[in-house]
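>>> sharing a sequence plus its predicted fold:
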Amino acid sequence: MAVIFRKEPDLKNTIMFCGWPGIGNIGLTAMDTLRVMLRAEQFGQIEPWDFFDPRNVSIEKGLLKNLEFPTNKFYFQRLKDRDLIFFIAQQQPGEGGSRYAHGRKAYEMANLVLDVAEKFRCRRVYTSGAAVTQIHHTTRPRVWAVPNSRDLITEVKRYENTILMSEIEGRSNQGVITGLNGLLLGVAKQRGFEAVCLMGEIPYYLQAAPWPYPKGSKSVLEVLAAMLGIRMGLHRLDELAQKVQENIEGFLESLYRADAIPPEVRDEIEKLRYARPSEPGPITEDEQKRIMEHIDELFDQRPWKGEGPGSAGTQ
């Protein structure tokens, strides 16, 4: 396993941003949108053979032509007062069929990513993902933040629309981050890097949905733009978010009309529409079980399986 470099740019005062698939593709969409808008240039990639199985096999004139693996690429861009590196992955490395990164492969990839951060003298690493919580899909998502150092807490608290995950009511100053987001945060701490995970909120009843959740991605992007001191036009993300919201409304309304979910489940969802932003908190196990046992089945049995009310362009 290795990182292959196309070029080795001379970078200074460097920050790394990492994105990979997850719930609602919130982190991946946020990081990749930032990369595209800043026109970052690819300069390296992690060899995939030791981490992933082939996604496709191409055949030409009856002969095997190529194996297609998930890509895991590095990009860079120079700004006025700092340089940026992006690590954009199409898949998290897992073992035993898990959707999220864990085990030896995940740990090895986390260290390869941080090897690149060390090589180019990164002073900080940002990851991003989803925070599954009790909000309505018409609500502006907050950003839950988890720094890996006490020295970062004061700075993180200054981010607009951001709350420390440990300070959310009902969490007893604790929390769990699954996949590469949590793993990279911990490995970064072991290796002496500052690191912050920014998680955009997503309604718990949409966590199994097959489409992206761009409202959560936008909230994360707003924090990143403010942190970098740049202005970003997010109208395309706004348009996608509006389209997704309209289709969610239509999807839920069709379920209500068909009595596909019990009235009490509908009431649980609809009462969130009128909740104040400060009210939603982490979901209880009983609440999640009662609602998700119905919603999960509906997503799995949908006739349009594999499609969604919107898509986000990622690489």
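Now that the structure is in, tell me what you want to look at. Residues are numbered from 1 along each chain as shown.
>>> counting neighbours, what do you get for the residue nearest to residue 53 when sequence neighbours are not counted?
In this structure, residue 53 finds its nearest non-sequential neighbour in residue 69, 7.9 Å apart by C-beta to C-beta, 6 or more residues apart in numbering. Just so you know, the C-beta spots here come from the backbone N, C-alpha and C atoms, and that holds for glycine as well. Using other C-beta atoms under 10 Å, residue 69 has 17 other residues around it.
>>> my guess is residue 69 meets residue 50, correct?
No: because the distance of 10.4 Å does not satisfy C-beta atoms under 8 Å, residue 69 is recorded as not touching residue 50.
>>> what is the mean pLDDT for the top strand by length along the chain?
Criterion DSSP state E: the longest strand present in the chain is strand 122-133. Mean pLDDT, strand 122-133: 94.
>>> offset the numbering so it begins at 57, please.
Let's use 57 as the start, then, which means that last one is strand 178-189.
>>> next secondary structure element downstream of whichever strand or helix holds residue 121?
Secondary structure assignment for residue 121, by DSSP states H and E: strand 119-124. Where DSSP H and E defines the elements, the next helix or strand beyond strand 119-124 is strand 128-134.
>>> mind listing what that following strand pairs with, with the direction of each?
Next to strand 128-134 in the sheet, as set by DSSP bridges, lie strand 97-102 (antiparallel), strand 139-145 (antiparallel).
>>> CA atoms of the following helix or strand past the longest one as PDB?
Next along the chain after strand 139-145, taking DSSP H and E as the criterion, comes helix 159-175. C-alpha atoms of helix 159-175 as PDB (Å, rounded to 0.1, in the frame of the first residue of the first chain):
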ATOM      1  CA  GLY A 159     -10.600  -2.500  11.600                       C
ATOM      2  CA  ARG A 160      -7.100  -2.800  10.300                       C
ATOM      3  CA  LYS A 161      -7.700  -1.400   6.800                       C
ATOM      4  CA  ALA A 162      -9.400   1.700   8.200                       C
ATOM      5  CA  TYR A 163      -6.600   2.300  10.700                       C
ATOM      6  CA  GLU A 164      -4.000   1.900   7.900                       C
ATOM      7  CA  MET A 165      -5.800   4.300   5.600                       C
ATOM      8  CA  ALA A 166      -6.100   6.900   8.400                       C
ATOM      9  CA  ASN A 167      -2.400   6.700   8.900                       C
ATOM     10  CA  LEU A 168      -1.700   7.000   5.200                       C
ATOM     11  CA  VAL A 169      -3.800  10.200   5.100                       C
ATOM     12  CA  LEU A 170      -1.900  11.600   8.000                       C
ATOM     13  CA  ASP A 171       1.400  10.600   6.400                       C
ATOM     14  CA  VAL A 172       0.500  13.100   3.700                       C
ATOM     15  CA  ALA A 173      -0.600  15.700   6.200                       C
ATOM     16  CA  GLU A 174       2.800  15.300   7.900                       C
ATOM     17  CA  LYS A 175       4.800  15.400   4.600                       C
END
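>>> wait, doesn't residue 114 sit right on residue 125?
No: with contact defined as C-beta under 8 Å, residue 114 does not reach residue 125; the gap is 12.0 Å.
>>> all helices for the chain, in order.
82-93, 159-175, 209-213, 235-246, 270-284, 291-313, 319-327, 341-357 (DSSP state H).
>>> highest mean neighbour count out of those helices?
Most buried of those, by mean neighbour count (mean count of other C-beta atoms under 10 Å): helix 82-93, with a mean of 25.
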